[in-house]
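> What follows is a predicted protein model with its sequence.
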Amino acid sequence: MNAAANDLSFTPAYPGGVGAPSKIEVSDPSGLEPNQRALGLVYQDPSYGRFWVIEEVSETTESWLKGLASCDHSSGCEGSWSLVTLKDGTTAVDFAGSTNGVLWLYNGVRYDVFGPPATFSTDDALAVANATEAAAASSSSPSSG
């Protein structure tokens, strides 16, 4: 985990209460600047099953994120999308369909928590999102993103 943090321009947030990730991936440092790299965490949790957490410097805005909640099925949007509020008051988008998850922005970093609907419910996604957001908020060196 420390090696992954050294290759990023932001401090990674590891969700509490779900154990260590079974796999950690960082974008190839030889081809990308630190602010262009993403972190991917794969978890295999006894309660939540298999799920992923993706963290990267955000190239999107809060208004773009909120726009996702008005999913237009006629333009190819699938599943259901809605705005939710994380425990700390952060606005996020909850989605359900071929994958279930939550995405949000915090301190210039985009977070995406998702997993297969057969084993990772939207409630599971929200719980992991809240744990990840709490870890991000308690980080001693927030993103400069």
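Looks like it arrived, so ask away.
> Point out where the protein drops to low pLDDT.
Along the chain, segments meeting pLDDT under 70 span 140-145.
> ranges for the strands of it?
Assigned by DSSP state E, the chain shows strands spanning 23-26, 38-45, 49-57, 80-85, 91-96, 100-106, 109-115.
> Now that we have those strands, can you turn them into a markdown table and tack on mean neighbour count and distance to Met1?
(C-beta placed from N, C-alpha, C; glycine too.) Output for the strands of the chain, formatted as a markdown table (neighbours: other CB atoms under 10 Å; distance: least, CB to CB, whole Å):
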| stretch | mean neighbour count | distance to Met1 |
| --- | --- | --- |
| strand 23-26 | 14 | 7 |
| strand 38-45 | 19 | 9 |
| strand 49-57 | 20 | 12 |
| strand 80-85 | 15 | 28 |
| strand 91-96 | 20 | 24 |
| strand 100-106 | 23 | 19 |
| strand 109-115 | 23 | 16 |
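> could you dump those strands to CSV with distance to Ala4?
Shown next, in CSV, are these (distance: least, CB to CB, whole Å):
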stretch, distance to Ala4
strand 23-26, 5
strand 38-45, 6
strand 49-57, 10
strand 80-85, 28
strand 91-96, 23
strand 100-106, 18
strand 109-115, 14
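> which one of those lies closest to Ala129?
Ala129 lies closest to strand 100-106 among the strands of the chain, at 3.9 Å (CB to CB).
> For that closest one, what is the distance to the chain centroid?
Relative to its chain's centre, strand 100-106 lies at 5 Å (CA atoms, centre = their mean, to the nearest Å).
> Show me which helix runs longest in this protein.
The longest helix of the chain (DSSP state H) is helix 122-138.
> Which parts of it count as buried, going by neighbours?
122, 124-136 (16 or more other CB atoms under 10 Å).
> Minimum distance to Ser70: which of the strands of the chain has it?
Ser70 lies closest, by CB to CB, to one member of the strands of the chain: strand 80-85, at 7.6 Å.
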